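J.: Sequence and predicted structure are below.
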Amino acid sequence: MRVVVNLTRCQGYAQCAFLAPDVFRMHGAEALMYDPEPDELQRERVLRAAAACPVQAILVDHVDDREAAVESATTGPAVSARTAAPMRRAWWPRTAGQRSPDRHDAAIEALRRTGRIVIVGASLAGMAAAATLRREGFTGSLTMIGDEPHRPYDRPPLSKQVLDGWVAADHTGLPRVDELNARWLLGVPAAGLDPAGKQVHLGDGGIVAYDRLLIATGTRARPWFNADEAALDGVFLLRTRDDAAALQRRLADRPRRVLVIGGGFTGSEVASVCRDRDLAVTLVERGPTPLVGALGGVIGAVAADLQREHGVDLRCGVTVTRLEGDTDGRLRRAHLSDGSTVEAEVAVVALGAVRNTEWLRDCGLAVGEWGVGCDAGCRVFDAAGVVTDDVFVAGDVARFPHPLYDYQFLALEHWGNAVAQAQVAAHNMISTPAERWPHLAVPVFWSAQFGTNIKSVGVPTLADQVVVAQGSVAQRRFVAAYGYQGRLTAAVGFDQGKWLESYQALIEAGAPFPPELRGVDEPTEEQPVAAQIPDHRVRNRHATVAVTGHDPSERRAELIHHH
């Protein structure tokens, strides 16, 4: 049995924790944790929890189709056939506006049922795309290529339930993998792409031909800059299932102190787990506050207070310059830029992500450290900015224009974006141009740390001002609204997830900033202030473009990579 909770939808009502307490747990007021692969004996309780969820955020694999089996359960509220019906659908929810296969004409039906589709990246996005392809009627050849030896699994639990020791790292698999009727090439990375010949070259020398290709290679953890120091016993990254399993084992040995390098979401969640396990932890962040890169300095300061209140030794405005080991190669201390040292037996390097695009170098597509450029329909650009019709991209590796944000190109490392964009990409791969969809979903992300559920809609970094629109910062229950030049661009809630859907609707409608709210948990005398968003301009370009030729028929663009 496999369970996934769509935490972009979850609002922390906690009915599931009452109905299936061995599977669902509340960490604080709104932060939900769950076991992705509960024992089969929990099936009845989980089904009742899924039916009782007010926002239908619980997605269950292999639900019994017999309505009587669901209706005969005796615990919790009655489950009708109508309520149970959504649970029997494919666990990937349909995108709004999707048409049923039986409404497509013969030409579209023929298109969707033929050919060879290859998905490079056995990731959440890759899995979501594959499931969408099969659901929409594609019966052709489907090949999944992944550099890890594991089939697709869910990453968010790795920094939470897995590190906490509640869930084993190998119990995070995604549902319905066996129903895809796909050819799996796992543990073999893609090494190159020939768009003209429509071939993917593999690291073992193999070649896979395709008619349509989806790039979903995602990201990897940014490594420590010194390879010798990174190899010290006690230095960890956290991105893969194997990373999480190794770090969990080391935390279980109760090191005297854990050093976390980087105060983004991953680093903050690791620090939170360490404090939950009563481990001493020092977090070093080069910026003025943790989470400053995602939420800005004003709300980042709230996150800093939250960490210190929970016992984190937080060091901001400094960097780690060197990791020192003993004669046996074990980590012993870290040297900081302010001249101080931190004695630690474990260091977690959480310096962000690197997009997996190296295998696409020199293939003629718009590819760089920024990701893979595409249009709003997920069709990849070539180096000249012309879209292709047979190469698509989705997930963390994609960089796409969003109309709500002045058509700026966004690259989003969010669970919800990976799923939504993969669904759009898969649909467009097997549709005629007239039936293609744009990817217009408003970005949503969440993080659970220090007993607080932090949830965001929109893009906070594309803002110049922020205001506390609801609740109380002092009580750590509030909504901060972000705006740019008088327009609402984002909202971030601390244990206020139930309000975020309303803010999403305001963002989509182009609502003014500050938002005009009346009578709903209004703060007292709050005024907009500068959001203190860091400057994200790229200063060190690893690739640029050279344009040659004079006549329009001769003009060419070529990517030039700098090392």
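T.: All right, it came through fine. Residues are numbered from 1 along each chain as shown.
J.: quick one: low-confidence ranges for the stretch 401-550 of the chain?
T.: Applying pLDDT under 70 to the stretch 401-550 of the chain flags residues 519, 524-525, 536-545, 547, 550.
J.: for it, what spans make up the helices?
T.: 415-429, 500-508 (DSSP state H, counting those that start in this stretch).
J.: Make JSON lines out of these and add distance to Glu269.
T.: The way it works is simple: take the backbone N, C-alpha and C, and place the C-beta from them, glycine included. Output for those, formatted as JSON lines (distance: least, Cβ to Cβ, whole Å):
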{"stretch": "helix 415-429", "distance to Glu269": "14"}
{"stretch": "helix 500-508", "distance to Glu269": "19"}
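J.: Show me the one of those helices that comes nearest Gln527.
T.: Closest approach to Gln527 among these (Cβ to Cβ): helix 500-508, 18.7 Å.
J.: Other residues contacting that closest one?
T.: Counting by Cβ atoms under 8 Å, 6 or more residues apart in numbering, helix 500-508 makes contact with 11, 404, 442, 444, 455-458, 479, 481, 488-491, 493, 515, all of which sit outside it.
J.: circling back to that earlier point, let's have the helices of the stretch 401-550 of the chain in CSV, adding distance to Val292 and mean neighbour count.
T.: Listed next are those as CSV, based on distance: least, Cβ to Cβ, whole Å; neighbours: other Cβ atoms under 10 Å:
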stretch, distance to Val292, mean neighbour count
helix 415-429, 21, 26
helix 500-508, 21, 19
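J.: Of all the ones you listed, which one comes closest to Glu229?
T.: That would be helix 415-429 among the helices of the stretch 401-550 of the chain, by Cβ to Cβ, at 31.4 Å.
J.: which helix of the protein spans the most residues?
T.: As assigned by DSSP state H, the longest helix anywhere in the chain is helix 292-309.
J.: Name the residues that touch that helix?
T.: For helix 292-309, the external contacting residues (Cβ under 8 Å, 6+ apart) are 263-265, 268, 271, 283, 285, 287-291, 314, 316, 449-450, 452, 454, 456, 460-461, 463, 466, 473, 476, 480, 482, 492, 494, 529-534, 536.
J.: Spell out which residues sit in contact with Ala511, please.
T.: Arg487, Leu488.
J.: Find me the pLDDT at Asp64, would you?
T.: Per-residue pLDDT puts Asp64 at 31.
J.: worst-scoring helix or strand of the protein, pLDDT-wise?
T.: Lowest by mean pLDDT, DSSP states H and E among the helices and strands of the chain is helix 67-71, with a mean of 29.
J.: I'd like the distance from stretch 468-482 to the chain centre, please.
T.: How far stretch 468-482 lies from its chain's middle: 24 Å, per Cα atoms, centre = their mean, to the nearest Å.
J.: List the buried residues in it.
T.: For stretch 468-482, the neighbour count (16 or more other Cβ atoms under 10 Å) marks Val468, Ala469, Gln470, Gly471, Val473, Arg476, Arg477, Phe478, Val479, Ala480, Ala481, Tyr482 as buried.
J.: and what of stretch 384-404?
T.: In stretch 384-404, counting by 16+ other Cβ under 10 Å, buried: 387-388, 391-402, 404.
J.: Mind jotting down where the strands sit in the stretch 351-500 of the chain?
T.: Counting by DSSP state E, counting those that start in this stretch, the stretch 351-500 of the chain has strands at residues 353-355, 367-368, 371-373, 379-381, 387-393, 398-402, 408-410, 444-449, 452-458, 465-472, 477-484, 487-494.
J.: Quick one: distance of the second one to the chain centre.
T.: Relative to its chain's centre, strand 367-368 lies at 20 Å (Cα atoms, centre = their mean).
J.: which helices and strands sit right next to it?
T.: strand 556-561 (3 or more Cβ pairs under 8 Å, 6 or more residues apart in numbering; DSSP states H and E).
J.: ok, which stretches of the stretch 151-300 of the chain are helices?
T.: For the stretch 151-300 of the chain, the helices defined by DSSP H, counting those that start in this stretch occupy 161-164, 227-230, 241-252, 265-276, 292-309.
J.: continuing past the last one, what's the next helix or strand?
T.: Secondary structure here is assigned by DSSP states H and E; on that basis, the next helix or strand after helix 292-309 toward the C-terminus is strand 313-316.
J.: Direction included, what does that next one pair up with?
T.: strand 281-285 (parallel) (DSSP bridges).
J.: And the average pLDDT for the partner strand is what?
T.: Mean predicted confidence for strand 281-285 is 98.
J.: try stretch 41-50
T.: 94.
J.: what sits against Leu360?
T.: Per Cβ under 8 Å, 6+ apart, neighbours of Leu360: Gly192, Leu193, Ile215, Val367, Val372.
J.: Sweet, I'm off.
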